[in-house]
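Chemist: mind looking at a prediction? Sequence and model below.
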Amino acid sequence: MTLIVLCLCFMVTIGTGDILPQLSSEITKLGFHREIHRKLTFPVALLPGLVPGGDVECHVMFDELIPAGAYMDPYQLENLRMFVGLNVEIHDQVDLEAPEFQSSAIHVSVFSNLSLIGDSWQAGYVFPVHIRYHGISDSSEFVRVKFITPSVAIRCQDTTYQMTFYGYGGPIHSQQSRLCSRGSPILCDWMFIQTEKICCRYHKNEIRKDF
Amino acid sequence: MALALRLLLLVYGEWQDRTMAVKFTDIDYHVFSDAAKFVDQGMSPYQRATYRYTPLLAWMLQPNIYISSSFGKIVFILLDVFTGYLIYTVLKMRGVNDKTANICAAIWLLNPLPMTVSSRGNAESVMSCLVLLCLYFIYKGQVMWTAIVYAIAVHFKIYPVIYALPIYLWLGNSEGHLQVSGWKGMLIFGLPNKGRCKFVMTTATVLAALTWICYRLYGWEFIEHTYLYHITRRDIKHNFSPYFYELYLQTAFGDSTMIGIACFIPQVILLLTFSVIFYREPALVFLLNTFSFVTFNKVCTSQYFLWYLCLLPLILPMLTGITRLKAVAMVTLWFAGQGIWLLPAYLLEFEGMNTFLYIWAAGLAFFLINCYIMHTIMACYRPLTPPTLSKQSTTQSLNWTKWNTRDCDSKTETVQSIDSVKTVTRKTASTDSKSMKIMPKNRQVVDNIDSPGVKTRSRSKPRSVK
């Protein structure tokens, strides 16, 4: 008998003198069906070449690793893609029915565009996750399902010259060739960037009775 | 009107799907439609995850791609309405008057549950239609068509295999009843005759042909997803089954094969018992077999209830031994049983509360309620045509009276029946101490049903048996 406490693990990494985009995370709802909210905020100074209506376009990719204790429903995501424009690429096979002890983590990429809100660029999404049945336990009624903060990558393109724009002003982890967008066969250069993780928020299932 | 209501629901469903995040259409319908797309592209329908049905279904829904995505729903709705027509027809064939037959058909046609199920795109109406069609041909005496429809039903879903034995027994001797003299008589009765051979051979041929065609096209994954998955399925997630919690706890100990096999034993015992005792009433034995199969199954979800709900209207006119109050009480109990399960299930799934024990306890309560309902049906069932009996026969027959008078509300009828039985026993007693017991031949309440059972009970008058 297990229930779940969900927690978003986070690290705070702030480089001396560096301005970092802020990544906030939140899990909402209760029970076996949750929603993960992510919001990334770029100060305008980090993207000096990006102006509304300009020649430069920037896109963000969030690399999520869904733990074995949870899963995303590909068919639900397809529905959300058509209904709310959520672009998610699932890189692994998903068994919708398997329990946690017969499952493994799922690698997922979420693609999002940047929107100017106030004096910052923002990208974000909400995606549903479902918790799997876990093995029984003699020692505890709850099990912890950890959702690791995603890696964030950005790519910018000059639409006039159809060239990659390397104007990002913040610290970069690495550069990788990955899919340009969901379902795209074309690879693009993505820059994986450092982010400042804003303290996470989680919901703990209330224990109503001891068994 | 039933068709209009269903089409209206269909239109509403299309609107809801387009405008709301919560969809009206059943998730299974998308599974069928996606599988149909794969077939259209020359691929296997099993490329679609969770498609665990016959390829026939994906083939049937090909027009979803070329005509309209709602084509499949319209098919399911038409089959659902046709099921209601079959209920009416079968009852008329059995001698039920027009008004009662209409009421019983309306119980299905205007029932919001099957109405919603078919409008949402669930394929259960295919099974309801096939099972009712099978019963129709049984009562018509058309063995070959019975076998063909039966084979298609088994191909679609395995569970109709539980009707094999009662159909086989039904196709017995010309008097259609079991005359036994110990085990020897039972064995002789079980021997094949022309009708039985025809049924078995035709069923086997049609089933084998369908299986072979699908296997040739899709290989082992057809067998695995269409048949083996359902047999070996061990769902540890919460459901109505009294076994679910045991199976969940068993996951800590690895292999639960023996428990899975042990779970089949009560089902098998009940199926055999009901088949042997009630085979003379095909509608009743179909209902009891399905009811017990679902109730005692390792996995029990709401979808399975339709398997026996479509058969219930066929026996309602024969439940003359039940009072209206008791009937209402049973329906209320059945819904209440689901309600007391749904609450802790909701709290577990959507609130994350630890309600596993409550869910299991509620599942046990629902299990007991279903057992009580089955018992009441058996106790209060009065066949329209009592089983005939050879005048020369002095061998023991099945104790029909014992089954359907004990524990029923109709105390008066019970007394009448027993008096009648005694009369018959005196007249026909032989040196065999186990004398025959039959239902009275000329019971008015049985022969002139003009409303569902409860009304006529008060007007019945005992008659002596000649």
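Modeler: Yep, it's here. Numbers count the residues shown, from 1 in each chain, chains lettered A, B, ... in the order given.
Chemist: low-confidence bits of the chain, can you list those?
Modeler: By default, I'm working from chain A. Applying pLDDT under 70 to chain A picks out residues A:1-18, A:199-211.
Chemist: hmm, no, I was thinking of chain B.
Modeler: In chain B, residues with pLDDT under 70: B:21, B:173-181, B:232-234, B:254-257, B:385-466.
Chemist: separation between the residue of it found nearest chain A and A:Ile131?
Modeler: When scored by Cβ to the nearest Cβ, chain B has B:Gly352 as its residue closest to chain A, at 3.6 Å. C-beta here means a position set from N, CA and C on the backbone, and glycine is covered the same way. B:Gly352 is 9 Å from A:Ile131, where distance means Cβ to Cβ, to the nearest Å.
Chemist: just B:Ser70 next, same as before
Modeler: Counting by Cβ to Cβ - B:Ser70 and A:Ile131 are separated by 34 Å.
Chemist: follow-up on the earlier one: comparing B:Gly352 and A:Ile131, which residue is more hemmed in?
Modeler: Per other Cβ atoms under 10 Å in any protein chain shown, whichever of B:Gly352 and A:Ile131 has more neighbours is B:Gly352, with 25 against 21.
Chemist: the more buried one against A:Phe32, yeah?
Modeler: Yes - counting by Cβ atoms under 8 Å, A:Phe32 is a contact partner of B:Gly352 at 7.2 Å.
Chemist: please, where are all the helices along chain A?
Modeler: A:74-84 (DSSP state H).
Chemist: quick check: B:Leu3 touching B:Ile77?
Modeler: Yes - proximity of B:Leu3 to B:Ile77 meets the contact threshold set by Cβ under 8 Å, at 7.0 Å.
Chemist: between the two, which is the more surrounded one?
Modeler: Using other Cβ under 10 Å as the criterion, B:Leu3 and B:Ile77 rank with B:Ile77 on top: 24 against 14.
Chemist: so what's the more buried one up against?
Modeler: B:Ile77 is in contact with B:Leu3, B:Arg6, B:Leu7, B:Leu10, B:Ser118, B:Ser119, B:Ser125, counting by Cβ atoms under 8 Å, 6 or more residues apart in numbering or on different chains.
Chemist: need the contact list for the second one.
Modeler: Remark: with contacts taken as Cβ under 8 Å, 6+ apart, B:Arg6 is in contact with B:Ile77, B:Asp80, B:Val81, B:Met115, B:Ser118, B:Ser119.
Chemist: just give me the neighbour total for residue 195.
Modeler: No chain was given, so I picked chain A. Around A:Thr195 there are 23 residues (other Cβ under 10 Å).
Chemist: please go with chain B instead
Modeler: When neighbours are defined as other Cβ under 10 Å, B:Gly195 has 20 of them.
Chemist: is it within a helix or a strand, and which one?
Modeler: In this assignment (DSSP states H and E), B:Gly195 forms part of helix B:194-218.
Chemist: which secondary structure elements does the next helix or strand after that helix sit against?
Modeler: Next in sequence after helix B:194-218, counting helices and strands by DSSP H and E, comes helix B:220-223. For helix B:220-223, the elements it packs on are helix B:194-218, judged by 3 or more Cβ pairs under 8 Å, 6 or more residues apart in numbering or on different chains; DSSP states H and E.
Chemist: for the helix it packs on, buried residues please.
Modeler: Neighbour counts using 16 or more other Cβ atoms under 10 Å in any protein chain shown place B:195-196, B:198-200, B:202-203, B:206-207, B:210-211, B:214, B:218 of helix B:194-218 among the buried residues.
Chemist: and for stretch A:141-153?
Modeler: Here stretch A:141-153 shows A:Glu141, A:Phe142, A:Val145, A:Phe147, A:Thr149, A:Pro150, A:Ser151, A:Val152, A:Ala153 as buried, counting by 16+ other Cβ under 10 Å.
Chemist: are it and chain B in contact anywhere?
Modeler: Yes - using Cβ under 8 Å from any Cβ of the partner chain, stretch A:141-153 reaches chain B at A:Glu141.
Chemist: and the end-to-end length of that stretch?
Modeler: Start-to-end span of stretch A:141-153 (Cα to Cα, to the nearest Å) is 38 Å.
Chemist: for chain B, what spans make up the strands?
Modeler: Under the criterion DSSP state E, strands are not mapped anywhere in chain B.
Chemist: how is it divided into domains?
Modeler: Using automatic domain parsing, the domain parsing of chain B gives B:2-314, B:407-459.
Chemist: buried deepest among the ones you listed, which one?
Modeler: Comparing those by mean neighbour count (mean count of other Cβ atoms under 10 Å in any protein chain shown), domain B:2-314 ranks first with a mean of 18.
Chemist: end-to-end on it?
Modeler: OK, domain B:2-314 end separation, Cα to Cα: 18 Å.
Chemist: do stretch A:190-197 as well
Modeler: From its first residue to its last, stretch A:190-197 covers 20 Å (Cα to Cα).
Chemist: ok, B:Tyr308 touching B:Asn297?
Modeler: No - B:Tyr308 is not in contact with B:Asn297 according to Cβ under 8 Å; the separation is 11.8 Å.
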